[in-house]
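Engineer: kindly generate the corresponding structure for this input.
(2 chains)
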Amino acid sequence: MSGEMREITYRQALNEALAEELERDPNVFLMGEEVAQYNGAYKVSQGLLDRFGAKRIIDTPISENGFAGLGVGAAMVGLRPIVEFMTFSFSLVAFDQVVNNAPNMLTMSGGQFNIPITFRGPNGPAHQLGATHSHATECLYANFPGLKICTPATPRDAKGLLKTSIRDNNPVLVLESELLYSSKGMIEPADQELLIPLGQAEVKREGSDVTIICYAQTVPLALAAAETLEEEEISAEVLDIRSIKPLDHAAIFQSVSKTHRVVIAEQDRPYCGIGAEICFRIQNEIFDELDAPIARVSQEDVPMPYNERLEKAVLPSAKKIVAAVERVCHA
Amino acid sequence: MPEIQMPKLSDTMTEGTLVLWKKKKGEQVSTGDIIAEIETDKATMEWESPEDGVLTEIYVEEGGKVEVGQKIAFVGEKGEAAPAETKVPEAEKKPGPAAETAKPAETEQPGPAGEQQEETAPPQPEKQKSTQLDVPPVPRKAEAASASASSSKEARVKASPLARRLAAENGLQISQVKGSGPEGRVTETDIRAAMKSQSAAVPSPSPSKPAPTGAKPVEGARIHLTGMRKVIAERLVASKGPVPHFYLNIEIDAGPLMMARAELKSAGEGSDTAKITVNDFVLKAAVQAAVKVPKANASFDEDAIVQYSDVNLAIAVALEEGLVTPVIQGAQNKSLREISEAVKDLANRARNKRMKPEEFEGGTFTVSNLGSYGIDNFSAIINPPQGFILSVGAITKKAVVDDCDSVAVGQRMSIGMSCDHRVIDGALGAEYLKEFRHLLENPSLLLI
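Structural biologist: Sure thing, here's the model as predicted:
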């Protein structure tokens, strides 16, 4: 079965994951704005309507709260819905369904109803989408028990994590990234099953002087920063956590115990952001491994400007990561 | 309590030397009487008694060095005896690994230094929580020893958690490690460096660095480090790696040298005098200058500056795979011709890897010449434990202002001197270079 690795886009990887799971399990269906006739706002569901028909690839009205609730209901009666948000900024109008109904149903029904639903779509700032459409929502959802969250950064992770999420018997949020849809990466052959467990980080680049913890959009930034740092003879390890929840503590502690210095590069905002949680856990569990204070690179704590230059100033960047690394390495 | 302690006489003072007791044991003292002279990191100061009474007990003898806050004497009522058990033997005052036994292991409270620290020491967690990783539990014993150093909140040492752990595991007292991080924070690097210097210093039975037999230069004098000299050494090490470099540069008029060399070449046609090179003159001048300025022919050795009576000249020889520095032993006794022969022999054998290990040992300073590589000037890195290295550049033709204030074509050679500031200060380096220049600009002096 094993063949040559091939190069595909992130968008294509998600499409393969959807098609394979729709093919594998007749209870799986996809629902969202423009997922069917238009083949998806970002063409992730390209060709799925033709292949699986209108009963399983369903266009919805612009009513996130309605169709997210429909999904939770469908999951209660045994189906495995995949609900696409055109962007997770729009999931905010369905917040109650995502954070209240989906994750609480299992415990509040005394274990009667599993909710095997997948919420997916692009998350986080992209390019000049303005303040209301640029939200990085991972830190909001991570605060609710009962939700699992993954943040793939590469085509391989996108496919493997989405497939695992669809098969999970609990609500999972697959937070994709508009900026990554066209990015390319190596992946196993199409005929080879690819499942990546939730809660498993991956070292994207090995290093010895500092650990850059990152996910989703900040992974390519961290890799670029590591290249620059290599010229300064600072060896940076790039650790992609891949899942926000469950979090792979062991991988984080292992890497930090090796490098003793940490920079957390996150795509959300600093206040109560993902980095704050990771930072707490590191100092709480492996305080004696730290040789410098932990640094964080995130968005600035302001509404996202529309102006291109201002937006750039607000977003995390490779340059900001390099500066943070230099700070913790006293370079 | 009428027990008196080593006072903190300057902001940066962490320990003091009791230079002189002005009062004898059993003498009456009153507040304000000068009872002792104490040397701090900056100066020697007279110190007034903080108590009225009788100087009943003296714990620290003249010349003894103790940390700030350590008890040094007891002033009691007439007839009152000092508590018998309080005399602290010298060996215990510097808590090393041995001090671990001073306190039961399970507590993190400060060790033998007394109750005052117990009140001011920052609260410490009872025990470390186990982690989800296989991080071994940290031995806490040694930290008790290190905690005893912080006798007040100001004295709290800034150190990273990792540095504290490593120090504890290796029995190092963190307050004695100089921090190189932001605001003087002690980091992993500092602890590793301290461990290295400790392991280099401790196991050797001889007072200085272990050296292979025969190759060790003869010590002419061992100058005890004063407080000021110690501070200079510590500060400079913290500023640049283990060896604090600074650099001096001069330009030498190479005209007379080139002329001397040309004369030897043409007049000695066919004989080996023709083979004397410019570099041989440079080496001879470097050696002669070290004889004239013996203070520069020295190295730093933890608690002393060691001046050598031999001038053992190390020469940098470039090899394909790197660089070696063979040594001309006892170069002060060698003529220009003998140095020339020795250099050729050593360089040849170094390139053919036919050298004995001891021929690389015991150099008292190094000369590195990159002139033949077309380098005008550079600053070489010192070859520890040597005190300095000379960097010799190419001789180039330059427009120079001559004695008659007119511009002429002159020949110039750039010389750099990288010095270990713990051993050689600017003035001493300048003195050496002045001698060196005088010799090289008057090359006939090198023929004597």
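Engineer: so where's chain B uncertain?
Structural biologist: Scanning chain B for pLDDT under 70 picks out B:1, B:11-12, B:42, B:78-155, B:200-216, B:226-228, B:231-232, B:234-240.
Engineer: walk me through the domains of it.
Structural biologist: B:3-91, B:94-113+B:138-201, B:219-447 (automatic domain parsing).
Engineer: distance to chain A and mean neighbour count added to these, as a markdown table?
Structural biologist: For the C-beta atoms, the positions are set from N, CA and C on the backbone; glycine is no exception. Below are these laid out as a markdown table (distance: least, C-beta to the nearest C-beta, whole Å; neighbours: other C-beta atoms under 10 Å in any protein chain shown):
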| stretch | distance to chain A | mean neighbour count |
| --- | --- | --- |
| domain B:3-91 | 22 | 17 |
| domain B:94-113+B:138-201 | 4 | 19 |
| domain B:219-447 | 13 | 18 |
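Engineer: out of those domains, nearest to residue A:303?
Structural biologist: Shortest separation from residue A:303 across the domains of chain B is recorded for domain B:94-113+B:138-201, at 33.2 Å, computed as C-beta to C-beta.
Engineer: got a pLDDT number for the residue of the stretch 51-200 of chain A found nearest chain B?
Structural biologist: Going by C-beta to the nearest C-beta, chain B is nearest to residue A:199 of the stretch 51-200 of chain A, at 13.0 Å. Looking at residue A:199, its pLDDT reads 97.
Engineer: doesn't it belong to a helix?
Structural biologist: No - using DSSP: H, G, I helix; E, B strand; the rest coil, the assignment for residue A:199 is coil, not a helix.
Engineer: that one contacts residue A:243, doesn't it?
Structural biologist: Yes - contact criterion C-beta atoms under 8 Å: residue A:199 and residue A:243 qualify, at 4.9 Å.
Engineer: ok, now which ones touch the residue of the stretch 51-200 of chain A closest to chain B?
Structural biologist: Contacts for residue A:199 (C-beta atoms under 8 Å, 6 or more residues apart in numbering or on different chains) come out as A:243, A:245, A:246, A:247, A:248.
Engineer: please check the residues you listed and keep the buried ones.
Structural biologist: By neighbour count, with 16 or more other C-beta atoms under 10 Å in any protein chain shown, the contacts of residue A:199 hold A:243, A:245, A:247, A:248 as buried.
Engineer: want to throw those into TSV with distance to residue A:96?
Structural biologist: Listed next are the buried ones among the contacts of residue A:199 as TSV, based on distance: C-beta to C-beta, whole Å:
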residue	distance to residue A:96
A:243	24
A:245	19
A:247	25
A:248	30
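Engineer: ok, which pair from those is furthest apart?
Structural biologist: Farthest pair in the buried ones among the contacts of residue A:199, by C-beta to C-beta: A:245 and A:248, 10.4 Å.
Engineer: how about the helices in the stretch 151-300 of chain A?
Structural biologist: Secondary structure of the stretch 151-300 of chain A (DSSP state H, counting those that start in this stretch): helices at A:155-167, A:218-231, A:249-259, A:274-286.
Engineer: ok, back up a step: redo the contacts of residue A:199 as TSV? Include pLDDT and distance to residue B:34.
Structural biologist: What follows is the contacts of residue A:199, written out as TSV (pLDDT from 0 to 100; distance: C-beta to C-beta, whole Å):
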residue	pLDDT	distance to residue B:34
A:243	98	71
A:245	97	70
A:246	97	70
A:247	98	65
A:248	97	67
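Engineer: farthest-separated two in those?
Structural biologist: A:245 and A:248 (10.4 Å).
Engineer: assign a three-state SS to residue B:414, would you?
Structural biologist: Assigned by three-state DSSP, the conformation of residue B:414 is strand.
Engineer: quick one: residues contacting it.
Structural biologist: By C-beta under 8 Å, 6+ apart, the residues touching residue B:414 are B:249, B:250, B:251, B:252, B:376, B:377, B:392, B:393, B:394.
Engineer: just those residues: which are in strands?
Structural biologist: Taking DSSP state E, the ones among the contacts of residue B:414 that sit in strands are B:249, B:250, B:251, B:252, B:392, B:393, B:394.
Engineer: tell me the residues of chain A that contact chain B?
Structural biologist: Residues of chain A that fall close to chain B, judged by C-beta under 8 Å from any C-beta of the partner chain: A:249-250, A:253-254, A:257, A:260, A:284-292, A:330.
Engineer: who wins for most neighbours among those?
Structural biologist: residue A:291 (28 neighbours; other C-beta atoms under 10 Å in any protein chain shown).
Engineer: tell me if I'm right that that residue and residue B:160 touch.
Structural biologist: Yes - using C-beta under 8 Å, residue A:291 makes contact with residue B:160 at a distance of 4.5 Å.
Engineer: find residues that contact each of those two.
Structural biologist: With C-beta under 8 Å, 6+ apart, residue A:291 and residue B:160 have common neighbours A:260, B:187, B:188.
Engineer: can I get those in CSV including distance to residue B:284?
Structural biologist: Output for these, formatted as CSV (distance: C-beta to C-beta, whole Å):
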residue, distance to residue B:284
A:260, 50
B:187, 45
B:188, 46
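Engineer: ok, so of the residues you listed, who is nearest residue A:40?
Structural biologist: Relative to residue A:40, the closest of the shared contacts of residue A:291 and residue B:160 is residue A:260; by C-beta to C-beta it sits at 44.5 Å.
Engineer: look up the closest residue to that closest one, ignoring the ones flanking it.
Structural biologist: Of all residues not flanking residue A:260 in the chain, residue A:291 sits nearest, at 4.0 Å (C-beta to C-beta, 6 or more residues apart in numbering or on different chains).
Engineer: next, the contact list for residue B:312, please.
Structural biologist: By C-beta under 8 Å, 6+ apart, the contact list for residue B:312 reads B:217, B:327, B:328, B:329, B:330, B:331, B:362, B:363, B:364.
Engineer: export those to a markdown table and tack on secondary structure and distance to residue A:304?
Structural biologist: Output for the contacts of residue B:312, formatted as a markdown table (DSSP: H, G, I helix; E, B strand; the rest coil; distance: C-beta to C-beta, whole Å):
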| residue | secondary structure | distance to residue A:304 |
| --- | --- | --- |
| B:217 | coil | 69 |
| B:327 | strand | 67 |
| B:328 | strand | 71 |
| B:329 | coil | 73 |
| B:330 | coil | 75 |
| B:331 | helix | 72 |
| B:362 | coil | 68 |
| B:363 | coil | 64 |
| B:364 | coil | 66 |
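Engineer: closest one of these to residue A:323?
Structural biologist: Nearest to residue A:323 among those, counting by C-beta to C-beta, is residue B:363 at 42.8 Å.
Engineer: so which residues of the stretch 101-250 of chain A form strands?
Structural biologist: Along the stretch 101-250 of chain A, the segments classed as strands by DSSP state E, counting those that start in this stretch run A:118-122, A:148-150, A:172-176, A:184-187, A:202-205, A:210-214, A:236-240, A:243-245.
Engineer: just the buried residues of stretch A:78-93, please?
Structural biologist: Across stretch A:78-93, burial judged by 16+ other C-beta under 10 Å covers A:79-92.
Engineer: tabulate those residues in TSV, adding columns for pLDDT, distance to residue B:338 and secondary structure.
Structural biologist: As requested, those are arranged in TSV below (pLDDT from 0 to 100; distance: C-beta to C-beta, whole Å; DSSP: H, G, I helix; E, B strand; the rest coil):
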residue	pLDDT	distance to residue B:338	secondary structure
A:79	98	97	coil
A:80	98	92	strand
A:81	98	94	strand
A:82	98	89	strand
A:83	98	91	strand
A:84	98	89	strand
A:85	98	88	coil
A:86	97	88	coil
A:87	97	84	coil
A:88	98	83	coil
A:89	97	85	coil
A:90	97	89	helix
A:91	98	87	helix
A:92	97	88	helix
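Engineer: no further questions, thank you.
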